[in-house]
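Novice: Next one to model:
(one chain, ligands or ions: 1)
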Amino acid sequence: MDGLGLPYRTEAPGVDEHVPADLPADEAVRMLAVRKARAVQERHPEAWVLGADQLVEVGQDVLGKPRDRDAARTQLQRLLGSTHVIHTAVCLLGPGGHHSETVEDTRLTFFPVPPEELERYLDTGEWEGCAGSYRVEGRGQALLQKLEGDRTNVQGLPMLSVVRLLRQAGFDLFARP
Ligand SMILES: Nc1nc2c(ncn2[C@@H]2O[C@H](COP(=O)(O)OP(=O)(O)OP(=O)(O)O)[C@@H](O)[C@H]2O)c(=O)[nH]1
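Specialist: Residues are numbered from 1 along each chain as shown. Model (predicted):
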């Protein structure tokens, strides 16, 4: 968002992030992005609010942020040598009842690596705060064999989708300051 040059503030939505356990990942992130955006909009009814949520889907498993190193190891063991999808939903709410939303999917394939290399990657601490326990902009790029889709999506906010929603809502992204 800094790179986009739009003035913005961040605010924690403070919502309950539980969703039905059997909800597909893309529906879960969509539900949470809307729930987050609505919570902030209630506090700032005249503002434009962008809510987002991200989950990793690999096979039948849905991964959020690991709670500790052991959970991160288990996540990465699931991802290494396979292909997974990062689903990020974004919801844009604005004055006059504007509501637009979308889900951006990025497919990533990781190299299979030996347990010792996995432990060294865990030592970097990049697993903290990231769904899937890796950061593709950091040392995690050494795990990455193939990426299909929006790379910014993997870093938390899918800027292709964000720019499209902002433009569709009438934002001038090169407004004179
Ligand atoms: N690679 C990478 N991913 C990031 C980074 N920051 C956030 N993310 C990803 O974006 C997701 C959401 O990031 P947060 O900043 O925790 O956003 P949030 O909406 O407060 O998260 P929750 O409240 O847990 O839903 C995380 O699960 C990460 O996967 C970053 O610096 N690098």
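Novice: in the chain, which spans are helices?
Specialist: 25-43, 69-79, 115-123, 151-154, 159-168 (DSSP state H).
Novice: and these, which is most packed in?
Specialist: helix 151-154 (a mean of 22; mean count of other Cβ atoms under 10 Å). In this view, the C-beta of every residue, glycine as well, is placed from N, C-alpha and C.
Novice: With just CA atoms, put it into PDB.
Specialist: Extracted C-alpha coordinates of helix 151-154, given in PDB (Å, rounded to 0.1, in the frame of the first residue of the first chain):
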ATOM      1  CA  ARG A 151       3.400 -12.800  -6.300                       C
ATOM      2  CA  THR A 152       2.200  -9.900  -4.000                       C
ATOM      3  CA  ASN A 153      -0.600 -12.100  -3.000                       C
ATOM      4  CA  VAL A 154       1.900 -14.500  -1.400                       C
END
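Novice: what residues are up against whatever residue of the chain ends up closest to the ligand?
Specialist: Residue of the chain nearest the ligand, by Cβ to the nearest ligand atom: residue 156 (3.0 Å). Counting by Cβ atoms under 8 Å, 6 or more residues apart in numbering, residue 156 makes contact with 52, 54, 88.
Novice: Was I right to think residue 31 contacts residue 19?
Specialist: Yes: using Cβ atoms under 8 Å, residue 31 makes contact with residue 19 at a distance of 5.5 Å.
Novice: Quick one: residues in contact with the lowest-mean-pLDDT helix or strand in the chain.
Specialist: Counting by mean pLDDT, DSSP states H and E, the chain has its least confident helix or strand at strand 61-63, which shows a mean of 92. The contact list for strand 61-63, computed with Cβ under 8 Å, 6+ apart, reads 25, 28, 55-57, 75, 78-79, 84, 131-133.
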